[in-house]
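Novice: Build me a model from this:
(chains A and B)
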Protein chains: 2
Amino acid sequence: MISKNKLKEYSQYKVVKFCDENGVFVVEGDKLAKEALASDYEIEAVCAIEAWFVENRTLIRKKVNPENIYEVAQADLERISGMKSPNRVWMLVKRKEFQTVNVLGNNLTVVLDKIQDPGNMGTIVRICDWFGIRNIVCSPDTASIYNSKVVQATMGGVFRINMEYTNLDTFIEGCLEEKIPVFGAVLGGENVYTATLPNKAVLIIGNESKGISQNLIDKITNKIQIPNIGGTCESLNASVATGILCSEFARRVAL
Amino acid sequence: MISKNKLKEYSQYKVVKFCDENGVFVVEGDKLAKEALASDYEIEAVCAIEAWFVENRTLIRKKVNPENIYEVAQADLERISGMKSPNRVWMLVKRKEFQTVNVLGNNLTVVLDKIQDPGNMGTIVRICDWFGIRNIVCSPDTASIYNSKVVQATMGGVFRINMEYTNLDTFIEGCLEEKIPVFGAVLGGENVYTATLPNKAVLIIGNESKGISQNLIDKITNKIQIPNIGGTCESLNASVATGILCSEFARRVAL
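Specialist: A predicted model of the protein is given here:
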């Protein structure tokens, strides 16, 4: 039985700032909860309806302090959930310290310059997860990986991808010093379908409406673009462009 | 000056059903309004703040009945707008009768089987627009192109792409009779990076969580898949997958 005070406390986690202050993030729904249980993330609390516990009780007991496991009614779940249709389980997961990204140890590293939309952000993490890209480096003003909409859109990628939020000027300078080629999609760039794409590289993805910042454009060594076959549409959605570009890098390896 | 009654009437268009009943759709914001003005769609009404009219008055007078042009205050715009941050202009646009798609006259035709999310739907239309795909055929239960979130996400594609909502079993049967190859992304399909992709084809995109319906899977002549390089992520977002697959068709032409 969960107390009214506890419910009130947990419902505060709908506010991102409250999550920030407490170093946690919220995970909701069957699929993501399973991913959290399978990950090395520490789960601070679980609220779920009976049916979910019937299926997951053994697993959850191994992983979570029993004092913080609550079987709740659907109405309670609706109270603490940030979703329109809460789905069986709500978890509070402890944030992790991400590691500094060492581009030399990776193949492709994706760099996000001011990605704003949580849906795009989560989808980009999901794309990286799909293509085996293990590290994403973000400008400090890129959407937080721990925003609950981002977490949902990653479809579990949040538990597998190493994120770094840092000054991109400094980061890209470091890549250039190490002779890592820096790619970015820019109008007038080389056709990505015919461009030579190396195994080891950095790919910058720009803001949804403004594209890549000028100071970073100046540092790109390999300007590319996805050919605009139709010619009537100005741009592709940021996450779709990321998907196509990552796929182009991946297809050179997979072919 | 706009009357209170008019404002009340227009604010009803936030409800999709009201748009459906009146055969119209809502267009908001500078970019989309410009696309509407440049299209052959009939604009039934315009509400905008003074600054917008200063830039667009000549164009708007040519295209819209002066009786239905209203210069409004920002507060009025907020009342009729369905957006969180209304942006200068709101338009009511008359829907068009779409044409029946003749696959023989096209290169690639995209077929949507139960795409539900308005963001995905609009993004897919935008992708088709980018790659010069002029026709999309949808199952009757696919999200409406005239849903205002879909309209926004198309970034203008709504004015350029011909949509058909129809029974997909019958449509695909017709393609097969015409010997048009039917492609679909299915687990265990051929690697899309190495598959032969013809100029003239149909590409089926399945529902976000359930994929392509079994009855349609049975009709696919060419099963393909995007290689899962990472191996930890179960799937790609529907619009990202569409982007990558369309790009694969396009790159054969562009190369």
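
Novice: can I assume A:Glu208 is in contact with A:Pro118?
Specialist: No - contact criterion C-beta atoms under 8 Å: A:Glu208 and A:Pro118 do not qualify, at 11.5 Å. Heads up, the C-betas are built off the backbone N, CA and C, glycines and all.

Novice: ok, the two, which is more surrounded?
Specialist: A:Pro118 (19 against 16; other C-beta atoms under 10 Å in any protein chain shown).

Novice: Tell me the spatial nearest neighbour of the more buried one, not counting adjacent residues.
Specialist: Sequence neighbours aside, A:Lys149 is the residue nearest to A:Pro118 in space, at 3.6 Å (criterion: C-beta to C-beta, 6 or more residues apart in numbering or on different chains).

Novice: Let me know the secondary structure of that neighbour.
Specialist: Classification of A:Lys149 by DSSP: H, G, I helix; E, B strand; the rest coil places it in helix.

Novice: contacting residues for it?
Specialist: Each residue near A:Lys149 by C-beta atoms under 8 Å, 6 or more residues apart in numbering or on different chains is listed here: A:118-119, A:122.

Novice: ok, the closest residue to A:Ala51 other than its chain neighbours - how many residues close by?
Specialist: In space, and not counting its chain neighbours, A:Ala51 is closest to A:Arg88: 6.6 Å by C-beta to C-beta, 6+ apart. For A:Arg88, the count of nearby residues is 19 (other C-beta under 10 Å).

Novice: Per-residue confidence at A:Arg88, what does it come out as?
Specialist: With respect to pLDDT, A:Arg88 scores 94.

Novice: Could you pull up phi and psi at it?
Specialist: When read as degrees, to the nearest 10, the backbone of A:Arg88 gives phi 70, psi -40.

Novice: OK, contacts around it?
Specialist: A:29-30, A:48-49, A:51-52, A:77.

Novice: and those residues as JSON lines, adding pLDDT and secondary structure?
Specialist: Output for the contacts of A:Arg88, formatted as JSON lines (pLDDT from 0 to 100; DSSP: H, G, I helix; E, B strand; the rest coil):
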{"residue": "A:Gly29", "pLDDT": "94", "secondary structure": "coil"}
{"residue": "A:Asp30", "pLDDT": "93", "secondary structure": "helix"}
{"residue": "A:Ala48", "pLDDT": "96", "secondary structure": "strand"}
{"residue": "A:Ile49", "pLDDT": "95", "secondary structure": "coil"}
{"residue": "A:Ala51", "pLDDT": "94", "secondary structure": "helix"}
{"residue": "A:Trp52", "pLDDT": "95", "secondary structure": "helix"}
{"residue": "A:Leu77", "pLDDT": "94", "secondary structure": "helix"}
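
Novice: and those, which two are the farthest apart?
Specialist: A:Gly29 and A:Ala51 (13.5 Å; C-beta to C-beta).

Novice: the more surrounded of the two?
Specialist: A:Gly29 (18 against 11).

Novice: I'd like to know how far that one sits from A:Gly82.
Specialist: Applying C-beta to C-beta, to the nearest Å, the value for A:Gly29 to A:Gly82 is 11 Å.

Novice: so how far is A:Asn199 from the most centrally placed residue in chain A?
Specialist: Taking C-alpha atoms, centre = their mean as the criterion, A:Val125 is the residue nearest the geometric centre of chain A, at 3.8 Å. Separation of A:Val125 from A:Asn199 (C-beta to C-beta): 22 Å.

Novice: part of a strand, is A:Cys47?
Specialist: Yes - counting by three-state DSSP, A:Cys47 falls inside a strand.

Novice: Do you have the helices of the stretch 101-250 of chain A handy? List them.
Specialist: Along the stretch 101-250 of chain A, the stretches classed as helices by DSSP state H, counting those that start in this stretch are A:118-130, A:148-154, A:168-177, A:214-217, A:238-254.

Novice: just the residues of the stretch 51-200 of chain A that are near chain B, which are they?
Specialist: By C-beta under 8 Å from any C-beta of the partner chain, the residues of the stretch 51-200 of chain A that approach chain B are A:119, A:123, A:126-133, A:153, A:155-157, A:160, A:191, A:193-194.

Novice: filter these to the buried ones?
Specialist: Among those, those classed as buried by 16 or more other C-beta atoms under 10 Å in any protein chain shown are A:119, A:123, A:126-133, A:153, A:155-157, A:160, A:193.
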